[in-house]
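Generate coordinates for the sequence data below:
(2 chains)
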2 protein chains.
Amino acid sequence: MKNTLDGIEEILLMGPGPSCIHDSVYEALSLKILGHMDSYFIKIMDDVKELLQTVMKTQNNMTIPISGTGSSGMETCFVNLIERGDPVLILINGVFGKRMQDVASRLGADVDVLEFEWGTPVVPEKVREQLSAKDYKIIALVHAETSTGVRNPAQEIGELLKGTDSLFLLDTVTSLGGMKVATDDWGVDALYSGTQKCLSCPPGLAPVSFSENALEVILNRKTKVPNWYLDVSMLTKYWEGQSRVYHHTAPINMIYGLYQALYLIVEEGLESVFERHYRYHKLLVEGLEELGIKMLVDPEYRLPMLNSIHIPDGANDGEVRGKLRSDHKIEIGAGLGPLAGKIWRIGLMGHTAREENVHRFLEALKAVLER
Amino acid sequence: MKNTLDGIEEILLMGPGPSCIHDSVYEALSLKILGHMDSYFIKIMDDVKELLQTVMKTQNNMTIPISGTGSSGMETCFVNLIERGDPVLILINGVFGKRMQDVASRLGADVDVLEFEWGTPVVPEKVREQLSAKDYKIIALVHAETSTGVRNPAQEIGELLKGTDSLFLLDTVTSLGGMKVATDDWGVDALYSGTQKCLSCPPGLAPVSFSENALEVILNRKTKVPNWYLDVSMLTKYWEGQSRVYHHTAPINMIYGLYQALYLIVEEGLESVFERHYRYHKLLVEGLEELGIKMLVDPEYRLPMLNSIHIPDGANDGEVRGKLRSDHKIEIGAGLGPLAGKIWRIGLMGHTAREENVHRFLEALKAVLER
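Numbering: from 1, shown residues only, chains lettered A, B, ... in the order given. Okay, the predicted model is just below:
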């Protein structure tokens, strides 16, 4: 019987995630499995919490990986905080803001949105105007909009909310581990991320963090969380305290992988990791500009880890991506939604953000475009 | 900086799951990551679907692994099928039937339950009576009740529902891959499982399958599924068809692991795998009886893969389990709910179900009890 796994090749992942994985993370994934109630596994869980707190810059006790991919982190934040009819404001300038709107609407929230042009950032002044017109329980923002490569002003939105009763919900799927995310300083109440971007662990877990204010809202709900699997009040009993209460069987080996991925980041040093992302982002942009390729986003709002570029005139979108994959073993990302066929998304996330990868990609792109 | 992963020991997992993992599955977990839209990864997805169809004995096209642990499979089945006020009947004789009740109630279903004594099976005659008194949209049953070790009469309940409009929802978390599960023949409309029991893959995925009838109900919902992450109508667009639509980033390496775990089962042959589980279950029961230990469940309702035994008089629950773990590197399961402190649960799931493991466990238990 033929085994399909035998045909897996090593691909340089320079799309919007997943990113390349360090050998030691692969090794961690395949360490011997322990039981989910085993005392040594609980020690690993505790250490994962602590590493996440470091990377997220938070003291929040409820800082854990949810047992699902990044989008399950989005679902977790909204489903625990929203009760039917709650007023929620969502700031949208890309696919992942739109996804937030869909998630919150399905949960029966009274959703208002402020939309901004894709490729440009959310404008704090517009948000301030909206907040003076209406009170919201939750204001939700995507920090790093993966669909466009725009950095949104998370700190500034956080400042607007300080001293109010509104909760600040922040998507850091693409930013966490690649640029500064200051959960506590920015006043973030609910934060989620994914493992397959700048943390450079395979997809499958969604780190989340909830402030004390957010937990108080959750514990004082009038109705039960309409999602047993993601109910934070039950998850805390498994992730905290002296005697742990079984909720669901944690994804043991994925948690080993996340531990190791976080370990590498903390060992290298957060600031060094951010600086490395920024350095190779600059190198990439320089190289692209030499090829005459234009960036989608203005310099001051560009993400270092996700570089959106206009597809050059005359280049065929699918053909170029196909040749990069087949002839050069490099994956880059297509455009999404209104940007499909118009841009490519070049990821420099986590372990992918290395000098040799930038050079390899630029040479390959040049070769493919010149043919 | 000390690395906590360095302290992981190899433990013989003879609890209620996770089970022991075959070396080739560990290797699969650490194969090079591909993108979630990569054409070769899509081939692996297609092959995983086919292997799942074989193991589940179904032609259902919508047969995929959900990106979460077994309980997310439960959530998926209920959240896609239930709209507020829908009448649902849940058959309960253990923790996982109770969990179904909680999940369905949170979603606003009109939930009725039939409860049976823990350690005994669901009685089809009682179900028949209830069905003649009231029509239900969904009847939900746990095939293998992991909290007690009881096999429930799934085929018989399926027979009762044939020719009715009711949907049959079946939990096969512990049974799939260890005993017969005949999805199509039994008339199951929605089925979920987990990877960490008899499939012997680490936890992190929930194989599910939906019949055409179930899909029709889902596609004709009056309201959107109140869970974006688990919405089957969107998941199908990623898992089916010529051009795949991105939903969320699939847990790539876990899917490699599941492929390999299913590959091993299909290669050994389903019937051989079931026979192996039964053979070592018999060997275990014989050995336990020689030690004077009594089984909780009557022989005809016993699960081969999950053996509940009365804690012998004079033995200290936590102390015995602790010594097995520390001195013999063996994990067994504690009792849950009303059976806590009264039973132990000895798993013989998947790769754990081998002769040497039965002998090693019996010798270790004898040594610990004799001290």
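
rest of the way, CA atoms for contacts and neighbours
Noted.

what pLDDT, on average, does stretch A:343-362 get?
The average pLDDT within stretch A:343-362 is 98.

gap between it and the chain center?
17 Å (Cα atoms, centre = their mean, to the nearest Å).

can you tell if it touches chain B?
No: interface with chain B: stretch A:343-362 contributes nothing (Cα under 8 Å from any Cα of the partner chain), its closest point being 12.1 Å away.

got it, and stretch A:100-115?
Yes: with Cα under 8 Å from any Cα as the measure, stretch A:100-115 is seen reaching chain B through A:102-103, A:106-107.

where along the stretch 101-250 of chain A do the helices fall?
A:124-133, A:154-161, A:212-219, A:232-239 (DSSP state H, counting those that start in this stretch).

Give the buried residues for the third one.
So the one you mean is helix A:212-219. For helix A:212-219, a neighbour-count test (16 or more other Cα atoms under 10 Å in any protein chain shown) marks A:214-215, A:217-218 as buried.

Check the last one too.
Neighbour counts over helix A:232-239 (16+ other Cα under 10 Å) mark A:232-233, A:235-236, A:238-239 as buried.

Next: the second one.
Neighbour-count burial for helix A:154-161, counted by 16+ other Cα under 10 Å, picks out A:154-155, A:157-158, A:160-161.

Same question for stretch A:254-267.
Quick answer for stretch A:254-267 (16+ other Cα under 10 Å): A:254-266.

do the same with stretch A:31-51
A:31-37, A:40-42, A:44-45, A:47-51.

Can you flag which of these belong to helices?
Among those, the ones falling in helices (DSSP state H) are A:40-42, A:44-45, A:47-51.

near chain B too, which of these?
Within those, those near chain B by Cα under 8 Å from any Cα are A:40, A:44, A:47.

which residues touch the last one?
Contacts of residue A:47 were listed using Cα atoms under 8 Å, 6 or more residues apart in numbering or on different chains, and they are A:259, B:4.

Equivalent analysis for the first one, please.
With contact set as Cα under 8 Å, 6+ apart, residue A:40 has these partners: residue B:8.

roughly how far apart are it and residue B:8?
7 Å (Cα to Cα, to the nearest Å).

quick revisit: of all the buried residues of helix A:212-219, which comes closest to chain B?
Chain B has its nearest neighbour among the buried residues of helix A:212-219 in residue A:218, at 15.0 Å by Cα to the nearest Cα.

Looks like the closest one contacts residue A:83 (just checking).
No: Residue A:218 is beyond contact range of residue A:83, at 9.7 Å (criterion: Cα atoms under 8 Å).

wait, what's in contact with whichever residue of the stretch 251-371 of chain A sits closest to chain B?
Closest to chain B within the stretch 251-371 of chain A is residue A:251: 4.6 Å, counting by Cα to the nearest Cα. Contacts for residue A:251 (Cα under 8 Å, 6+ apart) come out as A:67, B:69, B:202-204.

outside of the lengthiest helix in chain A, which residues touch it?
Longest helix in chain A by number of residues (criterion: DSSP H): helix A:270-290. With contacts defined as Cα under 8 Å, 6+ apart, helix A:270-290 is touched by A:55, A:177-180, A:265, A:294-295, A:304-305, A:307, A:348-350, A:353-355, A:358, A:362.

got it, and stretch A:142-158?
A:16, A:91-97, A:118-124, A:127, A:141, A:168, A:170-175, A:186-188, A:296-297, A:301-303, A:306-308, A:335-336, A:345.

Okay, strands next: where are they in the stretch 101-250 of chain A?
Applying DSSP state E, counting those that start in this stretch to the stretch 101-250 of chain A gives strands spanning A:110-115, A:138-142, A:144-145, A:150-151, A:167-171, A:190-192, A:206-210.

Tabulate the ones you listed (CSV), appending mean pLDDT and mean neighbour count.
Below are those laid out as CSV (pLDDT from 0 to 100; neighbours: other Cα atoms under 10 Å in any protein chain shown):
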stretch, mean pLDDT, mean neighbour count
strand A:110-115, 98, 17
strand A:138-142, 98, 26
strand A:144-145, 98, 29
strand A:150-151, 98, 26
strand A:167-171, 98, 26
strand A:190-192, 98, 29
strand A:206-210, 98, 27
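
can you tell which of these is closest to residue A:322?
strand A:144-145 (24.6 Å; Cα to Cα).

Parallel or antiparallel, which strands does that closest one pair with?
If you go by DSSP bridges, strand A:144-145 pairs up with strand A:150-151 (antiparallel).

next SSE after the longest helix of chain A?
strand A:306-310 (DSSP states H and E).

mind checking how far stretch A:258-271 is from the chain centre?
16 Å.

same check, this time on stretch A:236-251
Distance, centroid of stretch A:236-251 to centroid of chain: 25 Å (Cα atoms, centre = their mean).

what does stretch A:228-239 give?
21 Å.

what residues does stretch A:342-352 touch?
A:12-17, A:19-22, A:147-149, A:177-178, A:197-200, A:273, A:277, A:280-281, A:296, A:304-311, A:317, A:332-335, A:354.

Try it again at 7 Å.
With contact meaning Cα atoms under 7 Å, 6 or more residues apart in numbering or on different chains, stretch A:342-352 is reached by A:13-16, A:19-22, A:178, A:197-200, A:277, A:305-311, A:332-335.

Now which of those would you call buried?
By 16+ other Cα under 10 Å, the contacts of stretch A:342-352 give A:13-16, A:19-22, A:178, A:197-200, A:277, A:305-311, A:332-335 as buried.

Number of residues surrounding residue A:268?
11 (other Cα atoms under 10 Å in any protein chain shown).

How about residue A:95?
18.

And the pLDDT at it?
For residue A:95, the model assigns a pLDDT of 97.

show me the contacts for it.
residue A:147.

Distance-wise, check it relative to residue A:170.
Residue A:95 is 15 Å from residue A:170, by Cα to Cα.

Kindly report the same for residue A:41.
Counting by Cα to Cα, the gap between residue A:41 and residue A:170 amounts to 29 Å.
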